[in-house]
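Asks: Here is my input, please return the structure:
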Amino acid sequence: MTLPPVDGKLFFELMWKLQYYVNQQRGFHTNISSLEEYASLPTEKKLKAREELWKDGTLIEAYVRENPDTLPAGELQIIHKWKNFIKGSFFILRHLKKGSIFIGNDNQVYVVHGIQDPLEEVIPSYALPQMVEAVLLPFKGQIVYDGLLSGY
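Replies: Have a look, this model is predicted:
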């Protein structure tokens, strides 16, 4: 299951704004001068900002407080809820119509939705169970991952 297309687009718009802010705060890519440039970077070049974001939860609070992109309250609330992210190793057990079943190290079970592509396309059912590193985020009453899964 994936988010509705409008929500998938919103998710990535918010994620790129947040990561661009982190990039600016930490100075990883000083030659990048706009959100559009940052969003068009290959994934490998966005990893430093992503890793820093999930290492230092205060960056989310700072972004929400400063609101550098003058986001409306509803979008700021979505980002603010990301401070409750769960980062770790998960077993993807199976794909269901309602989402994919992730089991965390603490045996907590999560139903995770794809953002724009079904998780079954990212990791096919025949390859399950599969262990991955992921960051799980709340998004409009559902759980999604931050757009990147690392396999073992």
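Asks: got a list of what the nearest residue to I115 once chain neighbours are set aside touches?
Replies: Using C-beta to C-beta, 6 or more residues apart in numbering and skipping residues adjacent in sequence, the residue nearest I115 is G8, 4.9 Å away. (C-beta placed from N, C-alpha, C; glycine too.) By C-beta atoms under 8 Å, 6 or more residues apart in numbering, the contact set of G8 is T2, I115, Q116.
Asks: ok, the last one - how many residues close by?
Replies: Around Q116 sit 13 other residues, with neighbours defined as other C-beta atoms under 10 Å.
Asks: beta partners of the residue nearest to P118 when sequence neighbours are not counted?
Replies: Distances taken as C-beta to C-beta, 6+ apart put T2 closest to P118, at 5.5 Å, once the chain neighbours are dropped. Here T2 shows beta-bridge partners G114, assigned using DSSP bridges.
Asks: so T2 makes contact with V112?
Replies: No. If you go by C-beta atoms under 8 Å, T2 and V112 don't touch, sitting 10.8 Å apart.
Asks: More neighbours: which of these two?
Replies: V112 (22 against 17).
Asks: Reduced to three states, what does that one come out as?
Replies: Under DSSP: H, G, I helix; E, B strand; the rest coil, V112 falls in the strand class.
Asks: What ranges does this protein have for its helices?
Replies: 5-26, 35-39, 43-55, 58-66, 73-81, 119-122 (DSSP state H).
Asks: Same list, these, but as CSV with mean pLDDT and distance to I101 please.
Replies: Converted to CSV, the helices of the chain look like this (pLDDT from 0 to 100; distance: least, C-beta to C-beta, whole Å):
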stretch, mean pLDDT, distance to I101
helix 5-26, 94, 21
helix 35-39, 90, 31
helix 43-55, 91, 22
helix 58-66, 95, 27
helix 73-81, 97, 22
helix 119-122, 92, 10
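Asks: Indicate which one of those is closest to D106.
Replies: helix 43-55 (17.7 Å; C-beta to C-beta).
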